[in-house]
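Asks: need a structure here:
(2 chains)
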2 protein chains.
Amino acid sequence: MAEFLSTKPYKGSRDFYPEEMRSREWMFSTMSRVVESFGFERYDAPLIEPLEIYLRKTSEEIVNQQIYSFLDRGERKVAIRPEMTPSVARMVARRFSELVKPLRWYSIPNLWRYEQPSRGRLREHWQLNCDIFGAQDEFLADIEILLLAINLLKAFGANQEHFRLKLSHRQILNQVLYELLSLPPESWLPIGRIIDKKDKITVAEFEDLLQKEGLDREQIKTLFSYLEEKEDFLERHAQWSSAHYLLRILKFLEDMGVRPYIDYDPAIVRGFDYYTGIVFEVYDRHPENRRSLFGGGRYDELTGAFSKEKVNAVGFGMGDVTLEDFLKTHGLWQTFPRKTELFMALFGEEELIVHSQKLAQKLRDHGFCVEMSLNSARLGRQFEEAHRKEIPLVLVIGSEEYKAGLVLVKDLNTGEQRRFSEEELLRYLKERQKNLK
Amino acid sequence: MAEFLSTKPYKGSRDFYPEEMRSREWMFSTMSRVVESFGFERYDAPLIEPLEIYLRKTSEEIVNQQIYSFLDRGERKVAIRPEMTPSVARMVARRFSELVKPLRWYSIPNLWRYEQPSRGRLREHWQLNCDIFGAQDEFLADIEILLLAINLLKAFGANQEHFRLKLSHRQILNQVLYELLSLPPESWLPIGRIIDKKDKITVAEFEDLLQKEGLDREQIKTLFSYLEEKEDFLERHAQWSSAHYLLRILKFLEDMGVRPYIDYDPAIVRGFDYYTGIVFEVYDRHPENRRSLFGGGRYDELTGAFSKEKVNAVGFGMGDVTLEDFLKTHGLWQTFPRKTELFMALFGEEELIVHSQKLAQKLRDHGFCVEMSLNSARLGRQFEEAHRKEIPLVLVIGSEEYKAGLVLVKDLNTGEQRRFSEEELLRYLKERQKNLK
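Replies: Residues are numbered from 1 along each chain as shown, chains lettered A, B, ... in the order given. The predicted structure is shown next:
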């Protein structure tokens, strides 16, 4: 006898049994509802892409250590997508001239990265991707993306006690490094990465890393004033268009009444190297889970790998695993009962069973979900099955009911049972459905 | 300057631009609505599985020539799923004892096979998988799966002019081969495969293949009587439980009024080697597209790779590519306009823009989809954009309207324009929405 195979899912991935799937569908449909209310349209791209589309803009860590890539049977280098952005950049580049701009596009793809599974990190996850391409006025597009990010979390029941959107602008940092610290562009990236780590290390460690990168005391002091004086620093440098721009964003968000959700945080850099304007990360405020939930920003050069056309773009990606952790941490996660409301029990002869099946079909045609018993033998067992499946109403057509053109309905919650004609039954069920809403 | 990368999707896969995505969502939501009306619950499994789960029951053609398999970075042999059944068998085996039977489960996974792309065959496709596990009465479960398959196509607008469900039973064939032809079990599989080809070859070729398999004239004659006398043959062998069973199924379906959708076709064998009871294939009846749309059957031994528990199962898989071809062939394919109904044009100063954004947010909170202009400069261009995006209503708040607490609404279809207070606007939009339904 062969050994049995493991029934566990592949490491870092999840099975979704029906009760888990109901929560996932709630999550995804909430996402869709909110983003569609902003006029976003859904798209999708293939799960497998040529490896080369990830080699230009995707972070080195992903490409070298995390991507699932292999040779297909035709010797093509392909990859399972670790992120959606290169795919959507490819799609936008393909048809940009014929599409009516701006595009507001979203997708909820599953993505794969070879990671050591841990809290908030799995190998397979889903990610809501929202992007605006080709806006006439980039300021308005940036505002909209920030409002959308906040509205999404609010739609899941979260408020400013639960999360904060930390906002910055990559050009301000560049200007600090270039104009105030007189550093050449090639040193911006390593210093950006050090700043990105700031909140996870001590001040001494932070200064140490900057010194190793060649910064002197005066430069470090200037960098600290940028990082710690925040809006005051921006006001002092309002002649920079980037500082002016960010102050204008903050003012607009204040006028919109959402400023309590926003922290201006100059230390937000974002790991990806392709951001060119605003960048943001949304943080959980729970003391035991203070970490980034998701983030995004402006990345105007992304279609450059596919065409010479310049397409401005701003967007974000929100993963299901971190969102689920966040919602559970704050008691906002939801579970749902089975959708099926009607269980048709069966009784005896084939003629009655055919009749019951026909009634079930009529009810389905009227939009009701009817689960047929697959057990015509013992009626007691059938009621027990309906009860264990948490289906509230059981229908039975015994030979008496059949002769009289009736159907018996038993409510398992109240114990009440009544006989209806088919017409009365439909009226009763429609009334009941209305009351449940 | 680097060369531009191709913007084409990977061979045999598809991009779904928003207009295509709307049709796909219609297809998937129609599937969900119908199967949920039968009490089916949705599940999902990871896209990647250990390769070994495909080595026992999946067809050799798939495993040897079509599966996307590779070593992961931890040297594990894994595969992108080419079919869903091994995954669901694994999930069922994992929790079978604690789940309330019978299970009615469905999923719409994407699946990958390395194929030469052609009409109806792509490398990436989606497939509705419906299965009933652990039915107390297998007859009732078989009936339900057949009714469900027919109802699904009817929900897309198809009728008996468009398709036919060809039904058979594997045990009848086995009994013909064993009792009437006295053939040993090891020859059943090759002969089954020859029968499966019958409709694609000439009678002479068919006889020739059977002779090569060692059948004599008498045996071939008997096989022909099985294949061609159909119900008459079953009646003559009604002492066989399988023949009796199939006659009972046909009678039940006749009583249900769906017999016109069913052909009893003894030549239906199904490529997969794991079917143990009824088998069926749904065929397109269009003269230019006479081929199998999808199929399924009873396969009681599938969880055997994972546990010693015997789980009876019946189900089918319906692919999106063949379904789309079928619906297009018969003029049943549907396309949909954009969902967004409201376009908020913008005018001048930031104060007005903030005000317009706030109104947009209020409308969204009431369930409306509002697309904001991202162009506060030229009003004419904004109307043009709304028109090209086929959004029927444009809202504008100019400085006059702002002072008066009003909003201008222009209907691009009728040219009509009116001024409303916010309250009046909400009433108007709700009334309009009701009339559109």
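
Asks: which residue lies farthest from the center of chain A?
Replies: In chain A, the residue that sits farthest from the middle, by Cα atoms, centre = their mean, is residue A:403; the gap is 54.4 Å.

Asks: how much space between that residue and residue A:352?
Replies: Relative to residue A:352, residue A:403 is positioned 10 Å away (Cβ to Cβ, to the nearest Å). To be clear about C-beta, it is placed using only N, CA and C from the backbone, and glycine gets the same treatment.

Asks: what packs against the host helix or strand of residue A:249?
Replies: Per DSSP states H and E, residue A:249 falls inside helix A:241-255. If you count contacts as 3 or more Cβ pairs under 8 Å, 6 or more residues apart in numbering or on different chains; DSSP states H and E, helix A:241-255 packs onto helix A:138-155, strand A:163-169, helix A:170-175, helix A:217-236, strand A:262-264, helix B:350-365.

Asks: redo these as JSON lines? Include distance to residue A:295, mean pLDDT and mean neighbour count.
Replies: Converted to JSON lines, the helices and strands packed on helix A:241-255 look like this (distance: least, Cβ to Cβ, whole Å; pLDDT from 0 to 100; neighbours: other Cβ atoms under 10 Å in any protein chain shown):
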{"stretch": "helix A:138-155", "distance to residue A:295": "9", "mean pLDDT": "98", "mean neighbour count": "22"}
{"stretch": "strand A:163-169", "distance to residue A:295": "8", "mean pLDDT": "97", "mean neighbour count": "23"}
{"stretch": "helix A:170-175", "distance to residue A:295": "13", "mean pLDDT": "93", "mean neighbour count": "21"}
{"stretch": "helix A:217-236", "distance to residue A:295": "18", "mean pLDDT": "96", "mean neighbour count": "15"}
{"stretch": "strand A:262-264", "distance to residue A:295": "13", "mean pLDDT": "97", "mean neighbour count": "18"}
{"stretch": "helix B:350-365", "distance to residue A:295": "23", "mean pLDDT": "95", "mean neighbour count": "18"}
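
Asks: among those, which is nearest residue A:183?
Replies: helix A:217-236 (7.7 Å; Cβ to Cβ).

Asks: ok, and what's touching the closest one?
Replies: Here helix A:217-236 makes contact (Cβ atoms under 8 Å, 6 or more residues apart in numbering or on different chains) with A:172-173, A:176, A:180-181, A:183, A:195, A:198, A:207, A:210-211, A:215, A:243, A:246-247, A:250, A:264-267.

Asks: that helix to helix A:241-255, inter-axis angle?
Replies: 50 degrees (axes from the mean of the first three to the mean of the last three Cα atoms, to 10 degrees).

Asks: ok, back up a step: CA atoms of the helix or strand harbouring the residue farthest from the centre of chain A as PDB?
Replies: Assessed by DSSP H and E, residue A:403 sits inside helix A:399-404. In PDB, the C-alpha atoms belonging to helix A:399-404 read as follows (Å, rounded to 0.1, in the frame of the first residue of the first chain):
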ATOM      1  CA  SER A 399     -47.600  12.100   0.600                       C
ATOM      2  CA  GLU A 400     -50.400  14.000   2.300                       C
ATOM      3  CA  GLU A 401     -49.000  17.400   1.300                       C
ATOM      4  CA  TYR A 402     -48.400  16.100  -2.200                       C
ATOM      5  CA  LYS A 403     -52.000  15.100  -2.600                       C
ATOM      6  CA  ALA A 404     -53.200  18.500  -1.200                       C
END
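
Asks: ok, it near chain B or not?
Replies: No - Helix A:399-404 lies out of reach of chain B by Cβ under 8 Å from any Cβ of the partner chain, never closer than 13.9 Å.

Asks: so how many other residues sit close to the residue lying closest to residue A:308 once chain neighbours are set aside?
Replies: Using Cβ to Cβ, 6 or more residues apart in numbering or on different chains and skipping residues adjacent in sequence, the residue nearest residue A:308 is residue B:4, 7.5 Å away. Using other Cβ atoms under 10 Å in any protein chain shown, the number of residues around residue B:4 comes to 13.

Asks: which residues of the stretch 301-437 of chain A lie near chain B?
Replies: A:305-308, A:338-340, A:346, A:350-351, A:353-354, A:357-358, A:361, A:364, A:367-377, A:381, A:385, A:388-389.

Asks: among those residues, which are in strands?
Replies: Mapping these onto strands (DSSP state E) picks out A:370-372.

Asks: and the residues you listed, which is closest to chain B?
Replies: The nearest member of these to chain B, counting by Cβ to the nearest Cβ, is residue A:371 at 3.0 Å.

Asks: next up, the contacts around the residue of the stretch 151-300 of chain A found nearest chain B.
Replies: Residue of the stretch 151-300 of chain A nearest chain B, by Cβ to the nearest Cβ: residue A:255 (4.4 Å). By Cβ under 8 Å, 6+ apart, the contact set of residue A:255 is B:350-351, B:354.

Asks: let me see the mean pLDDT of stretch A:178-197.
Replies: Here stretch A:178-197 scores 90 as its mean pLDDT.

Asks: what about dumping the CA coordinates of that stretch to CSV?
Replies: Extracted in CSV, the C-alpha atoms of stretch A:178-197 (Å, rounded to 0.1, in the frame of the first residue of the first chain):
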residue,chain,number,x,y,z
TYR,A,178,21.5,67.8,-3.2
GLU,A,179,21.1,71.4,-2.1
LEU,A,180,21.7,71.3,1.6
LEU,A,181,24.1,68.4,2.0
SER,A,182,25.7,68.8,-1.5
LEU,A,183,25.7,65.1,-2.1
PRO,A,184,25.9,63.6,-5.6
PRO,A,185,22.9,61.7,-6.9
GLU,A,186,24.7,58.3,-6.6
SER,A,187,24.7,58.5,-2.8
TRP,A,188,21.0,59.3,-2.5
LEU,A,189,19.8,55.7,-2.8
PRO,A,190,22.0,54.3,0.0
ILE,A,191,21.2,57.2,2.3
GLY,A,192,17.5,56.8,1.4
ARG,A,193,17.8,53.2,2.6
ILE,A,194,19.3,54.3,5.9
ILE,A,195,16.5,56.8,6.5
ASP,A,196,14.0,54.1,5.7
LYS,A,197,15.4,52.0,8.6
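
Asks: what does that stretch contact?
Replies: With contact meaning Cβ under 8 Å, 6+ apart, stretch A:178-197 is reached by A:173-174, A:177, A:206, A:209-210, A:213-215, A:219, A:222-223, A:226-227, A:240, A:266-271, A:273.

Asks: try stretch A:377-388
Replies: Contacts for stretch A:377-388 (Cβ under 8 Å, 6+ apart): A:343, A:345-347, A:371, A:373, A:375, A:394, A:396, A:410, A:412, B:100, B:136-137.

Asks: please redo it, this time with the cut-off set to 10 Å
Replies: A:340, A:342-348, A:371, A:373-376, A:391-396, A:398, A:410, A:412-413, B:99-102, B:136-137 (Cβ atoms under 10 Å, 6 or more residues apart in numbering or on different chains).

Asks: can you give me the buried ones in it?
Replies: A:379, A:382-383, A:385-386 (16 or more other Cβ atoms under 10 Å in any protein chain shown).

Asks: redo the contacts of residue A:255 as CSV? Include distance to residue A:187.
Replies: Shown next, in CSV, are the contacts of residue A:255 (distance: Cβ to Cβ, whole Å):
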residue, distance to residue A:187
B:350, 37
B:351, 42
B:354, 40
